[in-house]
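Novice: Show me how the following folds:
(one chain, ligands or ions: 2)
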Amino acid sequence: MLTYHFEDNIPLFRCSLCGKCEGFIESKSFINKNRGCCWYYPKYTLMDIKNILSMGREDFIKGLKTLENVYISSFYLEVRGYFDEYGFNNMDIDEDIDFDKKLFFRLCPFWQENGCKIDYRLRPHPCNLYLCREVIELCKQSYSEFSKERKDYFSYMNYFNELLKRELIENGLDLLKDFEATLKFIKKYEVPKFEPRQIKDLILTNEAS
Ligand code: SF4
Ligand code: SF4
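Specialist: Residues are numbered from 1 along each chain as shown. Ligands and ions are numbered 1, 2, ... in the order given. Below is the predicted model:
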């Protein structure tokens, strides 16, 4: 089952296969963890930060700043996770795949045994809208509504992220120069809410019989 949920200006695709995807190429891991496709190092754009501030979780963003594994750039925060460099350099992988094989050796810092340890509204938006190729295949034609929603939300986030970035530049602010003042500015900056589609729950083809 694939369902769509939207709350606090944040969308979420919920897939019943996540966590049960042993054997899927994108969930393959050589680090002895059943971590699905959570090899991502969460990157919080200005708009991700804005959404989190708007729901009153300034404490979460300020907490990130104090962590050693967080890279602070002028206009985003990236939470760096685990990478088994030795394993990557010494492993013989003969599979013919079209993405970076380093992903097999990476782990998101927010991953835990039974899935993601943070509320979905505290994740960067790509986490909540990502579906692997196997899941997309099982959706068949019905994926198109989810796909359109994903594209529209990404466009919305990118567009307002750019505007927000320009406004910050014009005001001489960024996360490195003055973290607190930049958060205040982001919080105040007005952005229209995204208007989500109504999308019906989708039965995956392996569940249909
Ligand atoms: S999107 Fe696919 S690979 Fe990722 S957790 Fe879900 S089922 Fe597993
Ligand atoms: S933040 Fe959560 S959902 Fe996103 S990659 Fe990390 S563990 Fe997975």
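Novice: Quick one: name the residues of the chain near ligand 2.
Specialist: Listed as neighbours of ligand 2 in the chain under the rule C-beta under 6 Å from any ligand atom: 38, 40, 42, 108, 110, 111, 116, 123, 127. Quick note: C-beta positions are derived from backbone N, CA and C, even for glycine.
Novice: now those residues: which count as buried?
Specialist: 38, 40, 42, 108, 110, 111, 116, 123, 127 (16 or more other C-beta atoms under 10 Å).
Novice: Tabulate those residues (a markdown table), appending secondary structure and distance to residue 26.
Specialist: Formatted as a markdown table, these follow (DSSP: H, G, I helix; E, B strand; the rest coil; distance: C-beta to C-beta, whole Å):
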| residue | secondary structure | distance to residue 26 |
| --- | --- | --- |
| 38 | coil | 10 |
| 40 | coil | 11 |
| 42 | coil | 17 |
| 108 | coil | 14 |
| 110 | coil | 18 |
| 111 | strand | 14 |
| 116 | strand | 16 |
| 123 | coil | 18 |
| 127 | helix | 14 |
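Novice: coming back round to it: want to throw the residues of the chain next to ligand 2 into a markdown table with pLDDT?
Specialist: Compiled in a markdown table, the residues of the chain next to ligand 2 are given as follows (pLDDT from 0 to 100):
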| residue | pLDDT |
| --- | --- |
| 38 | 97 |
| 40 | 96 |
| 42 | 98 |
| 108 | 98 |
| 110 | 98 |
| 111 | 97 |
| 116 | 96 |
| 123 | 98 |
| 127 | 98 |
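Novice: dump the residue contacts of residue 93.
Specialist: 101, 104 (C-beta atoms under 8 Å, 6 or more residues apart in numbering).
Novice: how about it, phi and psi?
Specialist: phi -110, psi 120 (degrees, to the nearest 10).
Novice: how near is it to residue 20?
Specialist: Using C-beta to C-beta, to the nearest Å, residue 93 is found at 24 Å from residue 20.
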